[in-house]
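**Student:** need a structure here:
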Amino acid sequence: MPLSRTMALSLVLGQLAVPMSSAQQVTDLVGDPQRGKAVFRSVASCLRCHGWPADGRTGVDMRAPTGSNLRESTLDKAQIAEVVACGRPGTAMPYHDRAAYRDGRCNGLVMSDFDSANEPQRGKSLSAQDIANVAVYLQDHVIGRGKPTFEECVDFFEEPAAKACSYMK
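**Tutor:** I've put the predicted structure just below:
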């Protein structure tokens, strides 16, 4: 019997307290925050929904769904890795693990457990290493930060005179 959106969300949110085995494997990897920033910025296109500072508002592609404010997140590395790998079924957050929902690695669920309206969305496939890299980048440079600063903007775009940051002066 297919899961409703509410049931799917409850299962996913309930599982965040108990990281899955693939997320544990990802967190065993040493992450590179610089590579994580590159994946966030371009490979996985995270900034389309979350914005460059990952606040869910600043610099968001207006055609994309609004992502959550990761600056206010309380997730740890394993939980971040799980969300990146498995996405959030019933929401616009896509999964990035190629085998997610094929073999039960994501909360013990497979794609046939969802009704067609609530199937998890697939994003760009990332390696376990790149998922770890994104988790470390978010943990080191985003989570727990307040309002985005000019210095963070320049660091993100890696240009001292970043045109994208001029509005923040």
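
**Student:** got a list of what the residue nearest to Asp76 when sequence neighbours are not counted touches?
**Tutor:** Nearest in space to Asp76, with sequence neighbours left out and distances taken as C-beta to C-beta, 6 or more residues apart in numbering, is Gln139 at 7.6 Å. In this view, the C-beta of every residue, glycine as well, is placed from N, C-alpha and C. Gln139 sits next to Asp76, Lys77, Ile80 when contact means C-beta atoms under 8 Å, 6 or more residues apart in numbering.

**Student:** So Gln139: helix, strand or coil?
**Tutor:** helix (DSSP: H, G, I helix; E, B strand; the rest coil).

**Student:** same question, the one 4 residues further on
**Tutor:** Put simply, Ile143 is coil when judged by three-state DSSP.

**Student:** Please report how far it lies from His96.
**Tutor:** Counting by C-beta to C-beta, to the nearest Å, the gap from Ile143 to His96 is 18 Å.

**Student:** what's the answer for Ala38, then?
**Tutor:** 14 Å.

**Student:** re earlier: okay, Ile143 and His96: which has more neighbours?
**Tutor:** Between Ile143 and His96, His96 has the larger neighbour count (other C-beta atoms under 10 Å), namely 25 against 19.

**Student:** residue contacts, the closest residue to the more buried one other than its chain neighbours?
**Tutor:** Closest residue in space to His96, ignoring its immediate chain neighbours: Leu126 at 4.3 Å, by C-beta to C-beta, 6+ apart. For Leu126, the residues meeting the contact criterion (C-beta under 8 Å, 6+ apart) are Val39, Val43, Ala44, Val84, Ala85, His96, Asp97, Val134.

**Student:** Just the buried ones from the residues you listed?
**Tutor:** Using 16 or more other C-beta atoms under 10 Å as the burial test, the contacts of Leu126 include Val39, Val43, Ala44, Val84, Ala85, His96, Asp97, Val134 as buried.

**Student:** neighbours around the residue nearest to the second one when sequence neighbours are not counted, how many?
**Tutor:** Using C-beta to C-beta, 6+ apart and skipping the chain neighbours, the partner closest in space to Val43 is Lys124 (6.3 Å). Lys124 has 14 neighbours, counted by other C-beta under 10 Å.

**Student:** And for Leu70?
**Tutor:** Neighbour tally, Leu70, other C-beta under 10 Å: 23.

**Student:** List every C-alpha atom in stretch 91-105, with coordinates, as CSV.
**Tutor:** Written as CSV, here are the backbone C-alpha positions of stretch 91-105 (Å, rounded to 0.1, in the frame of the first residue of the first chain):
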residue,chain,number,x,y,z
THR,A,91,9.1,17.8,-0.5
ALA,A,92,11.2,19.4,-3.2
MET,A,93,14.5,18.2,-1.6
PRO,A,94,15.8,15.7,-4.1
TYR,A,95,17.9,12.6,-3.2
HIS,A,96,21.5,12.4,-4.5
ASP,A,97,22.4,8.8,-3.8
ARG,A,98,22.0,6.9,-7.1
ALA,A,99,20.7,3.8,-5.3
ALA,A,100,18.4,5.6,-2.9
TYR,A,101,15.0,3.9,-2.8
ARG,A,102,16.2,0.9,-4.7
ASP,A,103,17.5,-1.2,-1.9
GLY,A,104,16.0,0.2,1.3
ARG,A,105,19.1,2.2,2.2
